[in-house]
Structures are given as C-alpha cells and as structure tokens.
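[1] sequence unknown, structure follows:
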C-alpha cells in the first residue's frame, strides 16, 4: 500500500511497463524491417534470375523456342533440388518451358501488370509457402512471361541464421539500454524533486512554537509552486489565528487577575465562617486556573535554550518553600528529600520550577488532610512527587496529561490544565514523565530530565 502511494514507485512501475512494451515493440519493428529487407532482397534476386532466363531464351528460325541455361542455373532449378522453380508462358497462356513436370504456370498472369510482379501462394496441400516473381519480356518480337519461385521453407540458411541471431542479440542490447535509460530517468527525477525534499525537511520544523517557518519556493518546480504558495498562505492564516488565540487567552487571564485579587481581599475582610472559607477556596482555585492559563499561553511560544542548565536541588527547595504555607493551612505537610550537592540538568530553571509546582499543587489537591506530600530529587536527574490520595487508575494514566481532562465532570478545584502544562514542559526539555502507584497508596509522579555535562553551572533564565 505504501509503495502504491509513492510517486517514485509509480514512476518506476510505469517505466518498467514502458521498457517491456518498448522492447517488445522494437523487436517487432526490427523483425518487420528485416523481413521486408529480406523480401526485397529475394525479389531483387528473382528479378536477376528472370534476366538470366530472358538472356538465354531464343526463338528458333524454324519456329519454336530454345532455352540453354548455364549449368549452375540449370542445377539450381532442377526438379531434384526442389527448392526453386520456373515457368515460361507465352502470351496465349501456354507453358513453353517449366521446371515442374505438370507444365503449369507457377502463378496466375495479370496481363495489365508491368515490371516485376511479386507473388506469394501456398502449395496445393497448404503445407508450404511459395514466394516468387514474374515479368513480361519481349524476345525477338514475341511476348512471354517468365516466372520464378522459391519455397520459403527452403529459405537460405544463412539468412535464417542471421535473422534469428540478430533478433536474439538485439533483445540483450535493447533491454540493458532501456534499463540504463530508466536509471538515468530516476536520477533526473530525484534531482528534479530535490526542492520537494528540502520543503519537506523544512515542514518538519513547523509547530505551534515555530509558526514563522515557511516552505521554500526557490527552485521549486513550476507545477508544484502553486501548491507550495497555497500552503504558505494557509500557514500565514494559521499563525494569525494562533496568535489571536494566545493573545485572547493572555488578555483574559490578565484581566481576571485584578478582580480576583479584589475579591480575595474582600473575602478576607468577611467574618470567619464556613461560607467565607469556602469562598476563599473557590477564589484560590480560580486564581490557580488563571495562572495555568497564562502558563499554557506562554508555553505555546516558549523555546528551551540548549545551553541552559538548571539545578533540580534549588528548584525543589524553592517549590517546597512556596507550597509549604498553603499545605500547612490545609492541614498537610511537605517533605523534601535531596542530596546536598546540586543536580544539574539541561533546561530552563523557571520552566522546570513551574512544572514541579504544578505537580506538587496537584498532589496537594488530592492528598487527604493530616498526610504529607514527599518530594524526592534523584541524582540521575529526576523529581518524584508522592501523595497519599486515591492514586491514578491504569486506564487514566495516559489521559490525565491531556488538556482539560478531568476524571469526573463533578470534580472541583481545577480546569485540567496543570498536568498538560507539566507534560509540555518536560517534552520541551526532551525528558519524560510517568505516574506510578505510591509506596503505600496514592500516586507517584516522576519527571526525568537529561543531565548536564559534569562541571556545568546552574543558572536561571
């Protein structure tokens, strides 16, 4: 199926069919051409034989005819040899001389014909084909028809061998030449579509973070150029749509931050009650969603500098210090386990900090009151976050990283953006993220990042 969809494979298949058809046609044409040449040669030979007969045919003074053939010609037309035959017919249709015992004309006489008249007929039994010629000659004022014939089954062995050998050899010449032309066509075709390969290589770099990339139009084949121009115009429209979408999300998130801050301040001035605490949690969740919207918008155009180096030790310490007050407020705690020395990985420290904070906030939302969230920094460049919640079922472990995915439509506390943001950040760093069962119960999220070469210096960007 894949080969049938390939332009190159279609061209190769069509060329192979064309080569076979050309070889068969060329052989047939050569056979017809050679057969025509042989027939013309035979006709010329027979015309020469007729001249010999005419030169040796005489009218006797006393009446009648005499034919004194040279010995070689006489032997050639002897009845014992059986290959050639002749007949001399007068103008009245009577046979004067014949090499055949039945003394019949070899062919029917057309009295209106002039010059050398070719003939082809079958023997009475239809077993053999006879080719011959006849011509009208004036001998001493008398008109006669001289006919000569040859059985094609006795054609000259040399001619047969030459014809057969030539046709066999020409096949071995034609096929390699046509295959060589096929190879040359493929090379020419590859050179002709090289701009398409360049365009496909460029197209691989097009993504939501690289909407400025366009297909090159230099040296593009004229037949393909309208398609490339249409694709570039479509990319322009998509880039405009993406940009407007990102601007709308960023503007909406920014506009929401101010009223949420005002709302939070007003709620804090209310008398302490279950309703005010519930309103505070709702505003906190809304602020978190707004922050995630801003993060998601920024990630669409974020590019990780390959020279950036981040220290996972510092990242997790800062995240733990940031989340600890919120965790204590909810009756939960944060535990951090890491070595004293830095753990340097390739990546943007601020982006990794956002990813870690989102995972920890997700764990804080699901772990029950009175339990701890554990953050572990591995020396191999990993960050593990363990909670004591209900865990993640196997069927959901791929879906939880999708944007706006929620296990239940009635679940509260988020919009399903946090883990999708985490996955985008990890993939931008050529890392990986996975979720497993916790040591006792709950879930364990593991983010792995490529280590920086030893001796790197952590820096934030």
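    Ah, there it is. Keep in mind that what you see is a predicted model, and the values were worked out from it rather than measured. Residues are numbered from 1 along each chain as shown.

[2] What segments of the stretch 101-250 of the chain are helices?
    Secondary structure of the stretch 101-250 of the chain, counting by DSSP state H, counting those that start in this stretch: helices at 157-192, 194-203, 225-268.

[3] Output the ones you listed in JSON lines; the columns should cover mean pLDDT.
    JSON lines is the format used below for the helices of the stretch 101-250 of the chain (pLDDT from 0 to 100):
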{"stretch": "helix 157-192", "mean pLDDT": "69"}
{"stretch": "helix 194-203", "mean pLDDT": "83"}
{"stretch": "helix 225-268", "mean pLDDT": "78"}
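
[4] Out of these, the one nearest residue 140 is which?
    helix 157-192 (36.6 Å; Cβ to Cβ). Glycine gets a C-beta too; all of them are placed from N, C-alpha and C.

[5] mind checking how far the residue lying farthest from the centre of the chain is from residue 91?
    The centre of the chain is farthest from one residue, residue 62, which by Cα atoms, centre = their mean lies 92.5 Å away. Distance of residue 62 to residue 91, given as Cβ to Cβ, to the nearest Å: 20 Å.

[6] For the stretch 51-200 of the chain, just list every one of the strands.
    57-59, 65-67, 84-90, 95-98, 117-122, 129-139, 142-151 (DSSP state E, counting those that start in this stretch).

[7] One more: the stretch 251-400 of the chain?
    309-311, 333-337, 344-346, 372-378, 382-386.

[8] Tell me which of these sits nearest to residue 141.
    Once the strands of the stretch 251-400 of the chain are compared by Cβ to Cβ, strand 344-346 is nearest, at 116.3 Å.

[9] picking up where we left off before, got the strands of the stretch 51-200 of the chain as JSON lines, with mean neighbour count columns?
    Output for those, formatted as JSON lines (neighbours: other Cβ atoms under 10 Å):
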{"stretch": "strand 57-59", "mean neighbour count": "16"}
{"stretch": "strand 65-67", "mean neighbour count": "13"}
{"stretch": "strand 84-90", "mean neighbour count": "21"}
{"stretch": "strand 95-98", "mean neighbour count": "18"}
{"stretch": "strand 117-122", "mean neighbour count": "14"}
{"stretch": "strand 129-139", "mean neighbour count": "18"}
{"stretch": "strand 142-151", "mean neighbour count": "21"}
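
[10] Between these, which has the poorest mean confidence score?
    Per-stretch mean pLDDT for the strands of the stretch 51-200 of the chain is lowest at strand 117-122 (a mean of 83).

[11] name the helices or strands packed onto that strand?
    strand 129-139 (3 or more Cβ pairs under 8 Å, 6 or more residues apart in numbering; DSSP states H and E).

[12] quick revisit: go through the helices of the stretch 101-250 of the chain and name the closest to residue 317.
    It's helix 225-268; of those, that one is closest to residue 317 (Cβ to Cβ) at 26.8 Å.

[13] Just the angle for that closest one relative to helix 194-203, thanks.
    Counting by axes from the mean of the first three to the mean of the last three Cα atoms, to 10 degrees, helix 225-268 lies at 0 degrees to helix 194-203.

[14] Could you name the helices and strands sitting against helix 225-268?
    helix 274-299.

[15] Indicate which one of the strands of the stretch 51-200 of the chain is closest to residue 390.
    Checking the strands of the stretch 51-200 of the chain against residue 390 by Cβ to Cβ gives strand 129-139 as the closest, at 98.0 Å.

[16] quick one on the thing from earlier: and the strands of the stretch 51-200 of the chain: which comes nearest residue 75?
    Of the strands of the stretch 51-200 of the chain, the one closest to residue 75 (Cβ to Cβ) turns out to be strand 84-90, at 10.0 Å.

[17] I'd like to know how far residue 46 sits from residue 144.
    16 Å.

[18] If you could redo that for residue 230, that was the one I meant.
    83 Å.

[19] now the end-to-end length of stretch 73-82.
    Using Cα to Cα, to the nearest Å, the end-to-end distance of stretch 73-82 comes to 13 Å.

[20] what comes into contact with that stretch?
    49, 52, 69, 83-86, 99-101, 151, 154 (Cβ atoms under 8 Å, 6 or more residues apart in numbering).

[21] which parts of that stretch are buried?
    Neighbour counts over stretch 73-82 (16 or more other Cβ atoms under 10 Å) mark residue 77 as buried.

[22] before we move on, what about stretch 427-436?
    428-429, 431, 433, 435.

[23] With stretch 432-450 instead?
    Within stretch 432-450, judged by 16+ other Cβ under 10 Å, the buried ones are 433, 435, 438, 442-449.

[24] Stretch 200-219 now?
    In stretch 200-219, counting by 16+ other Cβ under 10 Å, buried: 206, 209, 211, 214-215.

[25] and which of those residues is nearest to residue 17?
    residue 215 (33.0 Å).

[26] Over to the closest one: give its phi and psi.
    phi -70, psi 140 (degrees, to the nearest 10).

[27] Tell me which residues touch it, please.
    Contacts of residue 215 (Cβ under 8 Å, 6+ apart): 199, 202-203, 228, 231-232, 235.

[28] Skip the chain neighbours and tell me the closest residue to it.
    residue 199 (4.5 Å; Cβ to Cβ, 6 or more residues apart in numbering).

[29] what's near enough to touch the residue lying closest to residue 91 once chain neighbours are set aside?
    Once flanking residues are discounted, residue 91 sits nearest to residue 143: 4.4 Å by Cβ to Cβ, 6+ apart. Counting by Cβ under 8 Å, 6+ apart, residue 143 touches 90-91, 136-137.

[30] Mind putting these into JSON lines with distance to residue 107?
    As requested, the contacts of residue 143 are exported to JSON lines (distance: Cβ to Cβ, whole Å):
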{"residue": "90", "distance to residue 107": "15"}
{"residue": "91", "distance to residue 107": "16"}
{"residue": "136", "distance to residue 107": "13"}
{"residue": "137", "distance to residue 107": "15"}
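
[31] Out of those residues, which comes closest to residue 18?
    residue 136 (50.5 Å).

[32] residues contacting the closest one?
    Per Cβ under 8 Å, 6+ apart, neighbours of residue 136: 113-114, 143-145.
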